[in-house]
Every structure is written in C-alpha cells, then in structure tokens.
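Student: Next input, structure requested:
(one chain, ligands or ions: 1)
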Amino acid sequence: MEIVIVPDAAAGGELIAAAIADLLTRKPDALLGVATGSTPLPIYQALAARARDTALDVTRARICQLDEYVGLPQGHPESYRSVVLREVVEPLGLTESSFMGPDGSAEDIAAACLAYDRALAEAGGVDLQLLGIGTDGHIGFNEPCSSLASRTRIKTLTQQTRVDNARFFNNLDEVPHHVITQGIGTILDARHLVLLATGEAKADAVAATVEGPLSALVPASALQLHPHATVVVDEAAASGLK
Ligand code: F6R
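Tutor: Now for the predicted structure:
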C-alpha cells in the first residue's frame, strides 16, 4: 500500500485527477469506479477542469458506481445515480450511456446485485476505483464486520453512517436504512484502488486502515490485501499515523 500525504483536500484532488488523466491517456476507455459523499468532490472538479482546459480526451471514459441507496427513486436528487450524473458524468461532458450503477429501486434487489457484479465483469473490470472512508472504517457501504470476501449485496447502514449522511437530506428520517454496495471482494477486483481521506474526523479510521491489523472490524484494512492500493490523506487525516 502506498501512502501519500498532501497538504489539503484540493491537493489530493489534483493528485488523483492527474492519476486518472494518466490512466485515460494510456487507456481511453478505462472503467473508472466512483464514490459519492463529500471527499471525492475535489477529484471530480480537478478532472473536469483537465477535460475542459487541457488536451485530455475523456470522451471514451466509462464510469461506474460503488453503491446506491435502496428505495430512493432513480430521479431522487440524492440517489447516488443522480449524484454521479451531476458531479461526474455531466461535468466531463459524458452521457448516461457511459455510466453504469446498481438499481436500488429494483423489485428484486438480490437479482439487481448479482446483475451488477456480472455487468462489472462483462465490462472488463474496474481499472481504477476511487474510495472514500467512513468514520467507522467502511469502504463503499461495507460496514464493520462485513465479509472481506463479500460481493455486491444489500447492506443495512449503521446509525453512525445515517447520521453522517443526514446532511444531504432534510432530516435523519429521510436517510434510507439500506444500500446496495459493491462487496469488499468486488472492490478488491479493481486493478487500482485509490482511497482519499481528508479531515481530522477520518484520522482514527485511516490509522486503523494503514497501521492496524487486517480486520473485518475495519473494512478499509482490506486494502492491505491489494497489490496496487494508494491511500491519499491530507495532514489532518494523517494525524493518527505513527
Ligand atoms: C459513498 C461511499 C462511502 C463514502 C464514505 C465517506 O459512495 O462509498 O464509503 O465514501 O461514507 O463519505 P464522505 O466522503 O462524505 O465523508
């Protein structure tokens, strides 16, 4: 695992956007796995700026979701489909045809999960998967005690994660209880994992991920198993590292 400490979130965004630009230069139709939440926004802004202001060609890039709320209609502004379209796909000038995600409004959620894992494999696998980290060490929505071999499935959000995500909704009651998330095994299938963590609230989770034992109690520690995992942290998020 490589650890890169950057001064702030903007620098982390620039660094990771540069890595994505490099990937797209080598492989223009790369499949980029994206996370939602606040942390990756500087990456998406920096990447969109590169697509706008430089010769970088993103027109063949493909985008896939990491997770999705269950029960929100697809057009809900906080469904992760809507968020990824708004924050990633549209700013890059791409269309929905370049984009795939799990169907959180499917009648048969188990079948939708299986279909998504299959679709990722049929698309050739994820080239670079962006990850954030929860204060409890989750990646995707693999909460503590998730199987390290898990595949895409439905999960129940912890109360802590619902409280953390309530800022995107009018109140806590509106935050769904369930999500479809790529499993830890699914995430580990990606060729390159890039986790960005910023802010002091993530310091304990980052320390446990990087320096703690591999443990299902800290799902992000599964990155220790991956041959090409990069953890980018600002100084605040790095403050718990020895
Ligand atoms: C979201 C996701 C989550 C977030 C994590 C951190 O797609 O996969 O694991 O990355 O909850 O969220 P923020 O960045 O909002 O602190």
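Student: Going by C-alpha atoms from here, please, whenever you check contacts or count neighbours.
Tutor: Noted.
Student: what comes up buried for the lowest-mean-pLDDT helix or strand in the chain?
Tutor: Ranking every helix and strand in the chain by mean pLDDT, DSSP states H and E puts helix 159-165 at the bottom, with a mean of 93. Neighbour counts using 16 or more other C-alpha atoms under 10 Å place 161-162, 165 of helix 159-165 among the buried residues.
Student: Please tabulate these in a markdown table and include distance to Arg50 as additional columns.
Tutor: Formatted as a markdown table, those follow (distance: C-alpha to C-alpha, whole Å):
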| residue | distance to Arg50 |
| --- | --- |
| Thr161 | 32 |
| Arg162 | 34 |
| Asn165 | 29 |
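Student: Can you list the strands that whichever strand or helix holds Ile154 pairs with?
Tutor: Taking DSSP states H and E as the criterion, Ile154 maps to strand 153-156. Strand 153-156 pairs in its sheet with strand 178-181 (antiparallel), by DSSP bridges.
Student: what pLDDT does the residue minimising distance to the centre of the chain get?
Tutor: Centroid-nearest residue in the chain, with C-alpha atoms, centre = their mean: Ala35, separated by 2.4 Å. With respect to pLDDT, Ala35 scores 98.
Student: Just confirm it contacts Gly134, I think it does.
Tutor: No: the pair Ala35 and Gly134 fails to qualify as a contact (C-alpha atoms under 8 Å) at a distance of 11.7 Å.
Student: what does the least confident helix or strand of the chain rub up against?
Tutor: 134, 136, 172, 175-177 (C-alpha atoms under 8 Å, 6 or more residues apart in numbering).
Student: Quick check: residues of this structure near the ligand?
Tutor: Residues of the chain lying close to the ligand (C-alpha under 6 Å from any ligand atom) are 35-39, 66-67, 131-134, 138-141.
Student: at 5 Å what do you get?
Tutor: For the chain, the residues found near the ligand under the criterion C-alpha under 5 Å from any ligand atom are 35-39, 132-134, 139-140.
Student: okay, those residues in a markdown table with secondary structure next?
Tutor: Shown next, in a markdown table, are the residues of the chain next to the ligand (DSSP: H, G, I helix; E, B strand; the rest coil):
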| residue | secondary structure |
| --- | --- |
| Ala35 | coil |
| Thr36 | coil |
| Gly37 | coil |
| Ser38 | coil |
| Thr39 | coil |
| Gly132 | coil |
| Ile133 | coil |
| Gly134 | coil |
| Ile139 | strand |
| Gly140 | coil |
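Student: Most neighbours out of those, which is it?
Tutor: Highest neighbour count within the residues of the chain next to the ligand: Ile139, with 29 neighbours (other C-alpha atoms under 10 Å).
Student: Go ahead and confirm that residue touches Leu131.
Tutor: Yes: at 6.5 Å, Ile139 counts as touching Leu131 under the criterion of C-alpha under 8 Å.
Student: So in terms of bridging, what pairs with the nearest residue to Phe141 once chain neighbours are set aside?
Tutor: Nearest non-adjacent residue to Phe141, counting by C-alpha to C-alpha, 6 or more residues apart in numbering: Thr181, 5.5 Å away. With DSSP bridges as the criterion, Thr181 is bridged to Asp67, Arg153.
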